[in-house]
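Student: Fold the following and give me the result.
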Amino acid sequence: VPIIMEVVDTIEKLRERLNALRWAEALGASGQYGPRSVGLVPTMGHLHEGHLDLVRCSTRENEITVGTIFVNPTQFNRSEDFELYPRNEARDVKMFRDAGTHLVFVPKSKEIMYPNDHSTQVTCEPLASRLEGSFRPGHFNGVTLIVTKLLNLVQPSILYLGAKDAQQCVVLSRLVKDLNYNTQVRIVPTHRDPNDGLALSSRNALLSETERKIAPTVYLGLRVAQLVIESEPKLSTSEYVKEIVSFIYKTYGERAADDLNLTWNVEYVSTANRETLQEINGALPSETLLSVAVMLGRARLIDNIVLHSKATLISTDSSQLHAMLKPTIERVLEQHFQTVINQITLKN
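Tutor: Below is the predicted model of the structure:
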């Protein structure tokens, strides 16, 4: 399919143009009669390289890529957060075009997706009530509703999601499975700043220049915890992991924010099962989702990392283990993160 991107703003136009693209020449890449494969990349706009990773993955795997731009009001808990969300439609459309997208759906008003008499809800419990759901009640009801609508409209072969939003990936994967959508879910690795590891996010635009220098602390805590338990498997318990993250956040994030009169508030540090999102206590299994949420100024930053534990039952005294903790953290910091620490502490 030649890449001459179109932008549509109504459901009727979306269906019309997508149907024409899907059945163009009535031949797929296999040379067999039938519809062309379609990849869906849903976004709320203010695109960055992380979004473009999703688009590139879709264009490699599908004959048609559909992007969407819609700041979905039903997933915001506070109206001020909805108003603050960064928007730049012209820039986003150009980025979609340059990345090889075929069709972009930009509903011209809220009423396109939610008519005044709209009354249906889509829930996915208890997954939606854990982690983010505890701090943003109803958030995932808005996510599941809009994605259900988009899946029904686009009927994609593959839905593309970013791993940074780990809980969203789990919830939407469950939705696709439970509602029997003929759609695969492809989770694309988090795109990070190559210099300091900060996960790219549209909300990063809300950070001031100084806040941006402190923001890498969010990922620093996760990565240090990962490296510590890799080097000392005996420390692979939820309690020690949370203590490591808290140590980094207090030493660097909280201290820097206090010195500069900035807001730094850790909402949660979680060690959870990757599939059920249930909190893990005690020894970590072979894979654990370590996730965090931090308010830095006006920006709510979330991030996660997967911990791979090789811990075995060891009868080491807990006081000995605790004595190992700080020296191991300091060794990891010195070996891997001096440049990032200099940035966070404003030494360069």
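Student: From here on, just use CA atoms for contacts and neighbour counts.
Tutor: Noted.
Student: got the contact list for stretch 151-166?
Tutor: If you take C-alpha atoms under 8 Å, 6 or more residues apart in numbering as the criterion, stretch 151-166 is touched by 11, 14-15, 18, 37-42, 50-51, 54, 58, 66, 169, 182-190, 199, 302-304.
Student: change it to 6 Å
Tutor: If you take C-alpha atoms under 6 Å, 6 or more residues apart in numbering as the criterion, stretch 151-166 is touched by 37-41, 54, 183-190, 303.
Student: Can you give me the buried ones in it?
Tutor: The neighbour-count check on stretch 151-166 (16 or more other C-alpha atoms under 10 Å) flags 151, 154-166 as buried.
Student: from the chain's centre, how far out does it sit?
Tutor: On the basis of C-alpha atoms, centre = their mean, to the nearest Å, stretch 151-166 sits 12 Å off its chain's mean C-alpha point.
Student: and that stretch, how far apart are its ends?
Tutor: 19 Å (C-alpha to C-alpha, to the nearest Å).
Student: Closest one of the buried residues of stretch 151-166 to residue 97?
Tutor: Within the buried residues of stretch 151-166, the smallest distance to residue 97 is 17.2 Å, found for residue 160 (C-alpha to C-alpha).
Student: all helices of the stretch 1-150 of the chain, in order?
Tutor: With DSSP state H, counting those that start in this stretch, the ranges of helices along the stretch 1-150 of the chain come out as 11-22, 49-61, 79-84, 89-98, 110-113, 132-135, 139-154.
Student: How is the protein partitioned into domains?
Tutor: The chain breaks down into these domains under automatic domain parsing: 6-188, 202-344.
Student: got TSV for the ones you listed, with mean pLDDT and distance to residue 195 too?
Tutor: Supplementary listing: these in TSV, determined by pLDDT from 0 to 100; distance: least, C-alpha to C-alpha, whole Å:
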stretch	mean pLDDT	distance to residue 195
domain 6-188	92	15
domain 202-344	92	8
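Student: Distance to residue 194 added to those domains, as TSV?
Tutor: Formatted as TSV, the domains of the chain follow (distance: least, C-alpha to C-alpha, whole Å):
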stretch	distance to residue 194
domain 6-188	12
domain 202-344	11
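Student: what sits against residue 85?
Tutor: Listed by C-alpha under 6 Å, 6+ apart, the contact set of residue 85 is empty.
Student: Please repeat the previous calculation with a cut-off of 8 Å.
Tutor: Here residue 85 is in contact with 71, 203 (criterion: C-alpha under 8 Å, 6+ apart).
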